[in-house]
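Undergrad: Give me a 3D structure for the following:
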Amino acid sequence: MFTSALAELGTGQVAFLSGLMAGFSITVAIHILRRGLRDPMSQIVFYLLVITTMFFMVALYTEVRLTIEIANAENLSDEASALLAKIRLIGTRCATTGFCLFVVSIGLLGWIARPLLGVLTTFSAICTFAVLTYIWMSVRTLQTLL
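TA: As a prediction, this is how the structure comes out:
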């Protein structure tokens, strides 16, 4: 049985984006560390970005490992397809959690500089979550229609 998950794995989109976002997260964390963890907000944002990086790394590893292991598979049994879906769900949820934590980190990042910038970055993060929520709900609705 050929699955769309198998085709999607072949594109490497989740792996690519997870690697890219992990790089962004750790770069910002390193800049905060170089600046110094002088105040509690710096520490919170630093730790959030490190945790974000770890979530993206789990997603990256999951996708790359699955891609390597089933590279030559053309057909999957129903049992293999079900297991593949469960494993991919872990990677996808880690990528989604990492992305949400990244948005939270960016929302808090402005508070390190000054209150006005903190208000602006927090507002931006809230708007981003509103759009993401709409997209998640729309995609879930689309899935039920397919």
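
Undergrad: Which of the helices or strands spans L49?
TA: Assigned by DSSP states H and E, L49 belongs to helix 40-69.

Undergrad: Now do the buried residues in that helix.
TA: 41-42, 44-46, 48-60, 62-64, 66-67 (16 or more other Cβ atoms under 10 Å). Any C-beta I mention is one placed from the backbone N, CA and C, and that applies to glycine too.

Undergrad: Could you point out the helix or strand that follows it?
TA: helix 78-113.

Undergrad: helices or strands next to that next one in the packing?
TA: helix 4-11, helix 13-35, helix 40-69, helix 115-145 (3 or more Cβ pairs under 8 Å, 6 or more residues apart in numbering; DSSP states H and E).

Undergrad: Make CSV out of the ones you listed and add mean pLDDT and distance to F102.
TA: Shown next, in CSV, are those (pLDDT from 0 to 100; distance: least, Cβ to Cβ, whole Å):
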stretch, mean pLDDT, distance to F102
helix 4-11, 59, 22
helix 13-35, 86, 6
helix 40-69, 92, 5
helix 115-145, 94, 10
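
Undergrad: any chance of those in TSV, plus distance to C94?
TA: Putting the helices and strands packed on helix 78-113 into TSV (distance: least, Cβ to Cβ, whole Å) gives the following:
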stretch	distance to C94
helix 4-11	15
helix 13-35	8
helix 40-69	4
helix 115-145	16
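
Undergrad: Next one: the residue lying closest to G19 once chain neighbours are set aside from T92, what distance?
TA: Of all residues not flanking G19 in the chain, L60 sits nearest, at 5.0 Å (Cβ to Cβ, 6 or more residues apart in numbering). Going from L60 to T92 by Cβ to Cβ, to the nearest Å gives 12 Å.

Undergrad: Name all residues that make contact with the closest residue to R35 other than its chain neighbours.
TA: Take R35 and drop its neighbours on the chain: the residue closest to it by Cβ to Cβ, 6+ apart is S42, 7.1 Å away. Residues in contact with S42 (Cβ atoms under 8 Å, 6 or more residues apart in numbering) are 32, 35-36, 112.
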